[in-house]
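Predicted model follows, preceded by the sequence.
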Protein chains: 2
Amino acid sequence: MTLIDGKQTAADIKKEIAAEVAAMVARGERAPHLAAILVGHDGGSETYVANKVKACEMCGFTSTLLRFDEDITEEKLLAEIDRLNRDDSVDGFIVQLPLPRHIDEQKVTEAVDPAKDVDGFHPVNVGKLSIGLPCFKSATPSGIIDLLDRYGIQTRGKHAVVLGRSNIVGKPIASLLLQKAQPGNCTVTVCHSATPNIKEICLQADIIVAALGSPAFLTADMVKPGAVVIDVGTTRVPDASRKSGFRLCGDVDFDNVAPLCSYITPVPGGVGPMTICALMKNTLQARKQKNK
Amino acid sequence: MTLIDGKQTAADIKKEIAAEVAAMVARGERAPHLAAILVGHDGGSETYVANKVKACEMCGFTSTLLRFDEDITEEKLLAEIDRLNRDDSVDGFIVQLPLPRHIDEQKVTEAVDPAKDVDGFHPVNVGKLSIGLPCFKSATPSGIIDLLDRYGIQTRGKHAVVLGRSNIVGKPIASLLLQKAQPGNCTVTVCHSATPNIKEICLQADIIVAALGSPAFLTADMVKPGAVVIDVGTTRVPDASRKSGFRLCGDVDFDNVAPLCSYITPVPGGVGPMTICALMKNTLQARKQKNK
């Protein structure tokens, strides 16, 4: 069994990006610039955005954090997005989700210029990903593909079972695994809350991507020996022994499943660290596209 | 075994659309207007476009056919598209594919205003379909969903196996069958040329959508008794006994598979006639959206 080290892989990728950015700057080019909009003071969002800003520093990017109070109007937020769309010094930007209830998240997502949509959430990027065209791939699926790629895992003709049909993980990772590409070319099955026989289907899987958000859902009796298991779950489970009061729990019963696997990602330290890398890759790509 | 009559269902839907259009016109509103661009003189394209014009007449739509010679430049074609995008009297339009080799089909597809893209090929519509947002659904998948719906076929929790991963059939029908909707809520598996064990997977299917373009590919030994079989194949096979010199052959070995099925679509007369209906529905929807 090989433990897929997302933390190390993410560090490697960030170093590669930093080297590329250093070379750009040495050539007299401007460094990539990522802006982030953060509305309100949600604890999770604060952490995520802080980690993104930190990753920008590690990659040699310029970053700008735009903070707004919880009570910002939708109109004002859309005006800020419009300003970032037109600001040539900004290569890409994100609007950290979730947003307060009085703001329409879909409207906000669609207001972002697809050419700066480094989160890959705009329907144009979602559509291009499905069609197989160059695009900004959303972070988690992109990170999973990078892990499969960097670990040299053969995917062609393999049966990949995706648990979960969310717009940000399940659907796009299913699309990517289906494409004529390596990693890709899998037979892909998507299971979800309405699937009656998940165990039976998982037992056929060569690759399982668990993205249900249901702690320890995937148990050893559901996994074929030799399978590759990618755990996307990050549910916060109360844990009095931790300073934070919680621990992150994946969708996989790791201790019992791991011995069966050829490869498995841990939680934390698996897919999680890769997602920010994907954002950095997209921002670098946005910068290069603008250079052209 | 119930034979799904696509021809009759399509006729019913067109009648319903015609009634709605007649009511619109009686209220003093303009009828929906579909324009089609046809480049060159490809036999198949001529037939398809003629059928679309005929369907417009049946539905009470205005239609405009814009014909251009094979040697039209990409620039000139894009200018025509721009003109249609800006023409308020046109609710929706299509550019009949394939286009001559010197024209970039993807560029043309992306030049169409998504709000007039009644073929549903623009990445924005592809992305919205994937996300589950209101959009113009592409014709074949939309027609299949209508057949499942009109025949009251229960899909929730069923295992749907899609054979083929094309951008216009396989991927979007997989997306639609996956959505939280009825028809929908299926566990969905997509198989394709790189799938080594198609037979084994098909035998698990409650619903099979065959869209490989491989005549009589799906044989009786691949189908579970009671399955629903939707045949999207329309390969022209030489047939000296026909006036046309060919007959349309589906992806299903119909004579041997049909007795096993709970429902099956024939070729011709199954999915085929439904695709033009979907185009008419999209055009009507475009007209109504503009009214708002």
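Noted; the coordinates are in hand.

where along the stretch 101-250 of chain A do the strands fall?
Ranges of strands in the stretch 101-250 of chain A, per DSSP state E, counting those that start in this stretch, are A:159-163, A:187-191, A:207-210, A:228-231, A:235-238, A:246-249.

Say whether chain B is contacted by the second one.
Yes: figure legend: strand A:187-191 in contact with chain B (Cβ under 8 Å from any Cβ of the partner chain); contacting residues A:187-191. The C-beta positions use only the backbone N, C-alpha and C, and glycine is treated the same way.

Off-centre distance for that strand?
19 Å (Cα atoms, centre = their mean, to the nearest Å).

What of stretch A:72-88?
With Cα atoms, centre = their mean, you get 24 Å for stretch A:72-88.

Dump the residues of strand A:187-191 next to chain B to TSV, plus distance to residue A:65, pLDDT and neighbour count.
TSV is the format used below for these (distance: Cβ to Cβ, whole Å; pLDDT from 0 to 100; neighbours: other Cβ atoms under 10 Å in any protein chain shown):
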residue	distance to residue A:65	pLDDT	neighbour count
A:187	43	98	27
A:188	37	98	29
A:189	40	98	27
A:190	36	98	26
A:191	38	98	27
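
any chance of these in JSON lines, plus distance to residue B:99?
What follows is the residues of strand A:187-191 next to chain B, written out as JSON lines (distance: Cβ to Cβ, whole Å):
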{"residue": "A:187", "distance to residue B:99": "32"}
{"residue": "A:188", "distance to residue B:99": "30"}
{"residue": "A:189", "distance to residue B:99": "35"}
{"residue": "A:190", "distance to residue B:99": "33"}
{"residue": "A:191", "distance to residue B:99": "39"}
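
tell me which parts of the stretch 101-250 of chain A are close to chain B?
Taking Cβ under 8 Å from any Cβ as the contact definition, the stretch 101-250 of chain A meets chain B at A:106, A:122-133, A:156-157, A:159, A:165, A:167, A:171, A:174-175, A:178, A:180, A:185-192, A:194-197, A:201.

Mind checking which of those are buried?
Buried residues within those, defined by neighbour count using 16 or more other Cβ atoms under 10 Å in any protein chain shown: A:122-132, A:159, A:165, A:171, A:174-175, A:178, A:185-192, A:194-195, A:201.

Show the pLDDT at residue A:15.
pLDDT recorded at residue A:15 is 98.

Now it: which helix or strand?
Residue A:15 is located in helix A:6-26, with elements delineated by DSSP states H and E.

check contacts around residue A:164.
Shown in contact with residue A:164 (Cβ atoms under 8 Å, 6 or more residues apart in numbering or on different chains): A:170, A:190-192, A:209-213, A:232.

Which residue ranges of the stretch 101-250 of chain A form helices?
A:105-111, A:123-131, A:139-150, A:170-178, A:198-202 (DSSP state H, counting those that start in this stretch).

Reformat those helices as CSV; add mean pLDDT.
Output for the helices of the stretch 101-250 of chain A, formatted as CSV (pLDDT from 0 to 100):
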stretch, mean pLDDT
helix A:105-111, 97
helix A:123-131, 98
helix A:139-150, 98
helix A:170-178, 98
helix A:198-202, 98
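
which one of those helices lies closest to residue B:13?
In terms of Cβ to Cβ, the element of the helices of the stretch 101-250 of chain A nearest to residue B:13 is helix A:123-131, at 26.3 Å.

just how off-centre is the closest one within its chain?
Distance of helix A:123-131 from the chain centroid (Cα atoms, centre = their mean) equals 16 Å.

Just the residues contacting it, thanks.
A:110, A:114, A:117, A:120, A:134-138, A:167, A:172, A:175-176, B:122-131, B:133, B:167, B:171, B:175.

if you set the cut-off to 6 Å instead, what comes out?
Outside helix A:123-131, the residues that touch it by Cβ atoms under 6 Å, 6 or more residues apart in numbering or on different chains are A:114, A:117, A:135-137, A:172, A:175, B:123-124, B:126-128, B:130-131, B:167, B:171.

Thought residue A:188 was touching residue A:155, still the case?
No: if you go by Cβ atoms under 6 Å, residue A:155 and residue A:188 don't touch, sitting 10.2 Å apart.

Residue B:261: which of the strands of the stretch 101-250 of chain A is closest?
With Cβ to Cβ, the closest approach to residue B:261 among those belongs to strand A:187-191: 21.9 Å.

Also compute the angle for that closest one relative to strand B:159-163, please.
Here the directions of strand A:187-191 and strand B:159-163 differ by 150 degrees (axes from the mean of the first three to the mean of the last three Cα atoms, to 10 degrees).

quick one: strand A:187-191 to helix B:170-178, angle?
Put simply, strand A:187-191 runs at 20 degrees to helix B:170-178, going by the same axes, to 10 degrees.

Mind listing the strands strand A:187-191 pairs with, and their directions?
The pairing partners recorded for strand A:187-191 under DSSP bridges are strand A:159-163 (parallel), strand B:187-191 (antiparallel).

Format those as JSON lines; extra columns: distance to residue A:15.
Output for these, formatted as JSON lines (distance: least, Cβ to Cβ, whole Å):
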{"stretch": "strand A:159-163", "distance to residue A:15": "29"}
{"stretch": "strand B:187-191", "distance to residue A:15": "36"}
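
Go ahead and confirm residue A:35 touches residue A:92.
No: contact criterion Cβ under 6 Å: residue A:35 and residue A:92 do not qualify, at 7.6 Å.

So for those two, which sits in the more crowded spot?
In this view residue A:35 and residue A:92 are compared by other Cβ atoms under 10 Å in any protein chain shown, and residue A:92 has more residues nearby, 29 against 24.
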